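Undergrad: need the 3D shape of this:
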Amino acid sequence: MEERTGKSRVVELHEAAALLDLPAEAVRSLTDAGYLTPAADDGEPRYALGDLKGFVARNADDGSGIVWDVEGDAVDPLALLDALDGHAGDMAQRAYVTFCAAYPEASEWTPGEQSRFIEQARKRFEAILAVTGQGQEIDESLVGDLEEVGANAAWTGSSLPQLLVIMRISRDLVVQTAVEVAEERGRHWGLALSLLLNRVLPAMDRFTDSVVQGYWKAVLAHQGESKARYQAVVEDSSDGIFEIDLDGRIQFANRSFAVITGRTPDELDQAPLFQVLVPVEQTEVLQRLMTSSPQGSQRLELVVERADGVRRVVEVSTQPRHEHDAVVGLQGVVRDITAAHDLEVAKNEFLALITHELRTPLTSIVGLGATLESHSQELAGDQIERLGKAIRHQCERITRLADDLHDVSRLESRSLVLNLRAVELAPAIEVSLPTVASYTPGVEVKVAAGIEVVADPRRLEQVIANLVENAIVHGDGPVTLEARTDASGLVDLSIRDHGPGVPDAVAPTLFSPLRSFARHDHHRGRGTGLGLALVRGLVEAMGGRIWYEAAPGGGACFHVALPSPRTRSRE
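TA: Modelled structure (predicted):
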């Protein structure tokens, strides 16, 4: 018996059981429980075919169940899905055309760029269909692949809106192509299309969610790496970095800023900047630092005094800090340039003194030469001899200064070659004394014969001459040279004068070639101090050491310790 309810055909209980692939008793149980509503029930229920289709669609896995056309023939939506798989290449081509309509600049891509876009689109459509085919049983590794697609887009700099447009184009093309294929197959494929779309749209949502999640994970990871790198650079920077608000109070300061200013991080928190950076002079300069001009302040060099009284030379620069286009404070960088500043001052002073050292003998040579030129006929022979001797001494002084500069340079570059051997000390002293320009018979030598050291003979004479000349120039009274062998087998040669000695403030930098000479007690006519730097370099190069100590009863005493041949042979 066959009836129709509206447009749906009504079937008997046994037919409904066959269509549902269930026993008749199971269909009765579903009816009694309210899951199926019979179209008529006059002892044995009958069901509308449309109600049976709706039951299958509601209870199938994402609409994957097999349904029937109006004649009761089975229609599988997966067959429509297989048909779509063959259209992936065509959908990719159409995706590029649609994308060019949204982004006209894409139409100007090179053929290689177009091919890459189309190939990526083809793979994307295949992935969409694969996700659709799996339904709820989508493999987690596929989700991971989709997230990787989004992550790659983020790392290559693709914009998220552009990525979402591509996803929407892909979604619409799958739906459009499915409709076209279903229409080509006939009207009875309409139900399969409906059920397929019930799977395509959720799958596309899952696809888009996975890609977007991968994109944002990559963005957050990149931001996290950038933040960590920025924090490391700021915290570990050798320059002081700080931030202040519009009231001039410190909101942030790194460790280097605390070290430069001589304060602890807790002391810097919320402290006014003008109380931390205190200029020794030109206190109004801080107002320039606080200027919030769009370009920030220029680099300013300040001499500041810390809370502990230490003065430092710093270079400070600031720039405005913005939040939402509003200036909320200033960021600053402080660089401690004290060492470089002191070095520059010392270098300039050193060059000035070297110039002075050269000018003095050159002036004497010019004057003596002019005397010989203008009065040679009036001068006696012994007078000419004395003038010639004076000129020679001044030339030797220039030569020694040039040699000292050259030797210091070679020592610093480690290119000085020494000929080390056993040298008897007393004869070496005897040879070196006449080379001292200011040598006087007042030098007393108390060195026993037979004492030997391991040294370069010429360099040893140079060391002795420089120390004796230094003692004569800076000391008063006789200069004494003594030698003794200590318990370790080293020979200790001491050169002592009876002058005022070396001030305590000068002693730590006594052997530095660029020590400061701008002291009130310094006399420019007494030399540059370069000889002491050269002496230390030569002594250390020969395996010895040199030091200064105040002499008992007043005066300065320099000690030179060199190995003896017996000590060297034991080694």
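Undergrad: going by C-alpha atoms from here, please, whenever you check contacts or count neighbours.
TA: OK.
Undergrad: ok, Thr251 - contacts?
TA: Actually, residue 251 is Gln rather than Thr. 242-245, 269-270 (C-alpha atoms under 8 Å, 6 or more residues apart in numbering).
Undergrad: can you do 10 Å?
TA: 242-245, 268-272, 329-331 (C-alpha atoms under 10 Å, 6 or more residues apart in numbering).
Undergrad: out of the residues you listed, which are buried?
TA: Neighbour-count burial (16 or more other C-alpha atoms under 10 Å) is assigned, among the contacts of Gln251, to 242-245, 268, 272, 329-331.
Undergrad: now the residues you listed as CSV including distance to Glu25?
TA: Output for these, formatted as CSV (distance: C-alpha to C-alpha, whole Å):
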residue, distance to Glu25
Phe242, 83
Glu243, 81
Ile244, 83
Asp245, 82
Leu268, 85
Pro272, 89
Gly329, 81
Leu330, 83
Gln331, 82
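Undergrad: secondary structure added to those residues, as JSON lines?
TA: Output for these, formatted as JSON lines (DSSP: H, G, I helix; E, B strand; the rest coil):
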{"residue": "Phe242", "secondary structure": "strand"}
{"residue": "Glu243", "secondary structure": "strand"}
{"residue": "Ile244", "secondary structure": "strand"}
{"residue": "Asp245", "secondary structure": "strand"}
{"residue": "Leu268", "secondary structure": "helix"}
{"residue": "Pro272", "secondary structure": "strand"}
{"residue": "Gly329", "secondary structure": "strand"}
{"residue": "Leu330", "secondary structure": "strand"}
{"residue": "Gln331", "secondary structure": "strand"}
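Undergrad: biggest strand in the chain by residues?
TA: strand 311-323 (DSSP state E).
Undergrad: now that strand: buried residues?
TA: By neighbour count with 16+ other C-alpha under 10 Å, strand 311-323 contains the buried residues 311-321.
Undergrad: and which of those is nearest Ile354?
TA: Taking C-alpha to C-alpha as the measure, Ile354 sits nearest to Val313 out of the buried residues of strand 311-323, at 26.4 Å.
Undergrad: could you measure that closest one against Leu300, distance?
TA: 11 Å (C-alpha to C-alpha, to the nearest Å).
Undergrad: same question, Leu80
TA: According to C-alpha to C-alpha, Leu80 and Leu300 sit 76 Å apart.
Undergrad: okay, buried residues for stretch 171-186 please.
TA: 171, 173-175, 177-179, 181-182.
Undergrad: any idea which residue sits dead centre in the chain?
TA: Central residue of the chain (C-alpha atoms, centre = their mean): Val233, 5.9 Å from the mean position.
Undergrad: what's the helix or strand for it?
TA: helix 190-236 (DSSP states H and E).
Undergrad: quick one: mean pLDDT for that helix?
TA: For helix 190-236, mean pLDDT is 72.
Undergrad: between Leu80 and Leu300, which one's more packed in?
TA: Using other C-alpha atoms under 10 Å, the more surrounded residue of Leu80 and Leu300 is Leu80, with 19 against 15.
Undergrad: checking the more buried one next. Helix, strand or coil?
TA: The three-state label given to Leu80 by three-state DSSP is helix.
Undergrad: can I get the buried ones among the contacts of Gln251 in a markdown table including distance to Lys347 and pLDDT?
TA: Output for these, formatted as a markdown table (distance: C-alpha to C-alpha, whole Å; pLDDT from 0 to 100):
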| residue | distance to Lys347 | pLDDT |
| --- | --- | --- |
| Phe242 | 32 | 89 |
| Glu243 | 35 | 89 |
| Ile244 | 37 | 88 |
| Asp245 | 40 | 88 |
| Leu268 | 35 | 89 |
| Pro272 | 37 | 88 |
| Gly329 | 40 | 85 |
| Leu330 | 36 | 85 |
| Gln331 | 34 | 86 |
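Undergrad: could you break the protein into its assigned domains?
TA: 3-59, 80-232, 237-336, 341-411, 416-570 (automatic domain parsing).
Undergrad: flag every buried residue along whichever helix or strand Asp404 is part of.
TA: Using DSSP H and E, Asp404 sits in helix 381-412. Judged by neighbour count (16+ other C-alpha under 10 Å), helix 381-412 contains these buried residues: 384, 387-388, 390-391, 393-398, 400-401, 404-405, 407-408, 411.
Undergrad: tell me the gap between it and the middle of its chain.
TA: Helix 381-412 has its C-alpha centroid displaced from the chain centroid by 52 Å (C-alpha atoms, centre = their mean, to the nearest Å).
Undergrad: strands paired with the very next helix or strand once past that helix, and their directions?
TA: For helix 381-412, the following helix or strand on the C-terminal side (DSSP H and E) is strand 421-424. Looking at strand 421-424 with DSSP bridges, its partner strands are strand 452-455 (antiparallel).
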